[in-house]
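S.K.: Generate coordinates for the sequence data below:
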Amino acid sequence: MNILIIKLGATGDVVRTTPLLRRLSGSVTWITSAKNGALLDGLADNLRHFSWETRARALDLSYDLAINLQDTLEVARFLKSVGPKEIFGAYAESSGRLCYTINSKGWFDLSLISSYGRQEADRLKLLNRHTYQELIFAGLGLRFGGDRYLLPKPIETGLSGDVAIAADSGHVWSMKKWAYYRQLKEALEDRGLAVNVLPQRQSLLEHLADVGNHRCLVGGDSLPMHFALGN
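M.R.: Purely as a prediction, here's the structure:
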């Protein structure tokens with residue numbers, strides 16, 4: 001089979017989607033945001049990846065299955081040009097309306113494009129007790145068995161210690177920034193622990209090393225959390 005995955009970002013969402021690569025046989029093509037390409041390099045022998053800007057390069061194959069985990073009309077319209085035999089996830093109807101396949105309801109019913117509307121989607125999300133992987137795997141006819149993330153080899157930075165504090169957060173969820181990280185750092189250091197506030201890095205692979213070189217991570221942002229779970 002030739003399989004196409006479209007998951008652009010956020011970066012943490014790309015990381016938590018990588019367990020699929022342990023289960024998908026055949027040739028896998030992944031379209032993602034340019035900055036996330038470093039996290040997909042060399043993850044599997046049957047995987048190739050392209051940035052969204054170079055997505056036309058993925059049109060050299062005919063796909064048996066396209067897994068579209070993006071909820072935007074632009075991506076859904078691109079998927080129409082791909083013309084896969086089967087789609088899992090979001091797609092554009094002939095009228096141009098954004099919809100999603102029945103087998104992907106478990107995830108997309110909780111999303112911004114939920115057929116139930118935003119208010120009911122938020123209520124369903126609050127009630128949900130299944131992980132992202134459980135919902136996606138089930139929709140694809142698979143059973144999630146705790147399959148670990150796939151992560152590339154990090155670029156070592158020399159930063160290590162007992163506790164890593166991820167004080168920054170993405171611009172979308174700025175409310176995740178906690179006001180008391182400095183006091184927490186001081187309190188932990190008073191107990192004899194080596195504590196580092198994670199710096200901004202040029203490369204995601206350096207950030208991956210920073211997280212992995214600590215015994216514990218504290219933070220409100222999902223990317224370092226997913227890096228920690230994968231180590």
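S.K.: Show me where this protein has its strands.
M.R.: 2-6, 27-32, 47-51, 65-68, 86-92, 98-100, 161-166, 195-197, 214-219 (DSSP state E).
S.K.: can you list contacts of the fourth one?
M.R.: The set of residues external to strand 65-68 that reach it, using C-beta atoms under 8 Å, 6 or more residues apart in numbering, is 1-7, 20, 75-76, 79, 82, 84-91, 140. (C-beta placed from N, C-alpha, C; glycine too.)
S.K.: Pull out the buried residues from the residues you listed.
M.R.: With burial judged by 16 or more other C-beta atoms under 10 Å, the buried subset of the contacts of strand 65-68 is 3-7, 20, 75-76, 79, 82, 84, 87-91, 140.
S.K.: hang on, the earlier thing: any idea which of the strands of the chain gets closest to residue 121?
M.R.: With C-beta to C-beta as the criterion, residue 121 lies closest to strand 98-100 of those, at 11.9 Å.
S.K.: what mean pLDDT does the closest one have?
M.R.: For strand 98-100, mean pLDDT rounds to 97.
S.K.: just stretch 218-229 next, same as before
M.R.: pLDDT averaged over stretch 218-229 gives 94.
S.K.: Go through that stretch and flag the buried ones.
M.R.: Buried-residue list, stretch 218-229, by 16+ other C-beta under 10 Å: 218-228.
S.K.: Return the subset of the residues you listed lying in helices.
M.R.: With DSSP state H as the criterion, helices contain 222-228 from among the buried residues of stretch 218-229.
S.K.: May I have the residues that are in contact with residue 89?
M.R.: With C-beta under 8 Å, 6+ apart, residue 89 has these contacts: 6, 66-70, 100-101, 104, 108.
S.K.: Recalculate using a threshold of 6 Å.
M.R.: Each residue near residue 89 by C-beta atoms under 6 Å, 6 or more residues apart in numbering is listed here: 67-69, 100, 104.
S.K.: Tell me the one of the residues you listed nearest residue 167?
M.R.: Using C-beta to C-beta, the contacts of residue 89 come closest to residue 167 at residue 69, 28.7 Å.
S.K.: can I assume that closest one is in contact with residue 7?
M.R.: Yes. Counting by C-beta atoms under 6 Å, residue 69 does reach residue 7; the two are 4.5 Å apart.
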